[in-house]
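In: Everything below, folded, please.
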Amino acid sequence: MQYNIMYYLIFTIIKVLSYIPFWALYVLSDIMYYPLYYIIRYRRKVVRKNLTESFPEKSHHEILAIEKKFYHYFMDMILESTKMASISPDEIKKRMKFSNIKMTNDLLDQGKSVDYFMGHYCNWEWMTSIGLWIKDDVVCAQVYHKLINHTFDNIIKQMRERMGNICVEMRETARFVANMASQNQPCMVALIADQSPKRKQIKHYVKFLNHTVPVLVGPEKITKHFGHIPVFVNVKRVKRGYYECVFIPLHDNPSSLPDYELSDIYFKHLEDEIRRQPECYLWTHNRFKYAQN
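Out: Now for the predicted structure:
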């Protein structure tokens, strides 16, 4: 009973927010930025530390400018994400465009499965609309980390699956992919691959944003083991509420690569993307807690 009340209360709030016109949503975002940044000061120490260490070549003034742009965008992204509760397929296709989707569909036509390597960059929640652009007979899956709070987990999962994707819990990824392979069913799997592993699971470090950080090697292992084609999702924020994605093949035969080289290639692309629009990365995450330096 308590769970049901909490679920419907939170989902109703999100649903109401989702019906606010975009222009009004951004007015609300501009207003909410000030208490978030100046009063609540949400994770400002973490953000400042991450930015300062990642861009040592930038002055304090430049770091501060990126920091403020980030909090402005962070507020935009939170409110934009509520739109997934009600936005129409036609509207989201206008606002989140995949410019060279033909490459993916051609690979799927050849019976090959595709793994999208993504980061916590731009609005990754809107990336779940990829299912609208993929062939109807292909299973589109997004790997996600199940939340401890069951209410929020169910709400987020429901919103992410509105556009035809299915959510696959991280620890079930290999089983899901193996099941698709056993049915000779090509699939598209979206992997947010920039998360930090637990200390006891560390197997590989990469150079990333002026740090030497441990990385999850699961995405690489799955891609190589099942012979999928790895593709980097290069996304840019064109303007408020509009994004464009370009797919960049990471390697045409990843199984031939030495261990962890695919992860190195992915993080190089991700860093280049972040440096182009640093305010669009998730700096509130303590990504560098296990960094060697």
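In: Could you count how many residues lie near the closest residue to Lys58 other than its chain neighbours?
Out: In space, and not counting its chain neighbours, Lys58 is closest to Ile66: 7.6 Å by CB to CB, 6 or more residues apart in numbering. For the C-beta atoms, the positions are set from N, CA and C on the backbone; glycine is no exception. By other CB atoms under 10 Å, 19 other residues sit near Ile66.
In: For Ile66, give me its contacts.
Out: Residues in contact with Ile66, defined by CB atoms under 8 Å, 6 or more residues apart in numbering, are 51, 55, 58, 278-279.
In: Any quick PyMOL command for the buried ones out of those residues?
Out: Written as a PyMOL command, the selection of buried residues from these, which uses 16 or more other CB atoms under 10 Å, is:
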select buried, resi 51+55+278+279
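In: Show only the entries of the contacts of Ile66 found in helices.
Out: Judged by DSSP state H, helices contain the following of the contacts of Ile66: Leu51.
In: how about the contacts of Ile66, which pair is most distant?
Out: Lys58 and Glu279 (12.7 Å; CB to CB).
In: And the helices in the stretch 101-250 of the chain, which stretches?
Out: Remark: helices assigned in the stretch 101-250 of the chain by DSSP state H, counting those that start in this stretch are 101-109, 150-160, 173-182, 218-225.
In: Could you identify which of those has the lowest mean pLDDT?
Out: The weakest mean pLDDT among these belongs to helix 150-160, with a mean of 87.
In: helices and strands around that one, which ones?
Out: Applying 3 or more CB pairs under 8 Å, 6 or more residues apart in numbering; DSSP states H and E, one finds that helix 150-160 contacts helix 2-18, strand 139-144.
In: Paired strands for the shortest one, with orientation please.
Out: Strand pairing for strand 139-144, determined by DSSP bridges: strand 166-169 (parallel), strand 187-192 (parallel).
In: Using PDB, write down the CA coordinates of that strand.
Out: Provided in PDB are the C-alpha atoms of strand 139-144 (Å, rounded to 0.1, in the frame of the first residue of the first chain):
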ATOM      1  CA  VAL A 139      15.100  -5.900 -30.300                       C
ATOM      2  CA  CYS A 140      16.500  -2.600 -28.900                       C
ATOM      3  CA  ALA A 141      17.900  -2.900 -25.400                       C
ATOM      4  CA  GLN A 142      19.300  -0.500 -22.900                       C
ATOM      5  CA  VAL A 143      21.500  -1.800 -20.200                       C
ATOM      6  CA  TYR A 144      20.900  -0.100 -16.900                       C
END
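In: quick one: it to helix 173-182, angle?
Out: Strand 139-144 and helix 173-182 meet at an angle of 170 degrees, taking axes from the mean of the first three to the mean of the last three CA atoms, to 10 degrees as the criterion.
In: next one: strand 139-144 to chain centre, how far?
Out: Strand 139-144 has its average C-alpha position 12 Å from the chain's average C-alpha position, going by CA atoms, centre = their mean, to the nearest Å.
In: What residues of that strand count as buried?
Out: Residues 139-144 are the ones in strand 139-144 that count as buried (16+ other CB under 10 Å).
In: Chain neighbours aside, what residue packs nearest to Met103?
Out: Distances taken as CB to CB, 6+ apart put Phe247 closest to Met103, at 5.8 Å, once the chain neighbours are dropped.
In: Between the buried residues of strand 139-144, which sits nearest Pro35?
Out: Nearest to Pro35, judged by CB to CB, of these is Tyr144 at 29.4 Å.
In: ok so, going back, from the buried residues of strand 139-144, which two are the most distant?
Out: Farthest-apart pair in the buried residues of strand 139-144 is Val139 and Tyr144; separation 15.4 Å (CB to CB).
In: Identify the residues contacting stretch 79-91?
Out: 11, 14-15, 17-19, 22, 25-26, 28-29, 92, 123, 125-126, 128-129, 132, 159-160, 162-163, 241.
In: just stretch 152-166 next, same as before
Out: Defining contact as CB under 8 Å, 6+ apart, one finds that stretch 152-166 is touched by 7, 10-11, 14, 81, 84-85, 89, 92, 125, 128-132, 134, 139-142, 144, 146-147, 167, 190.
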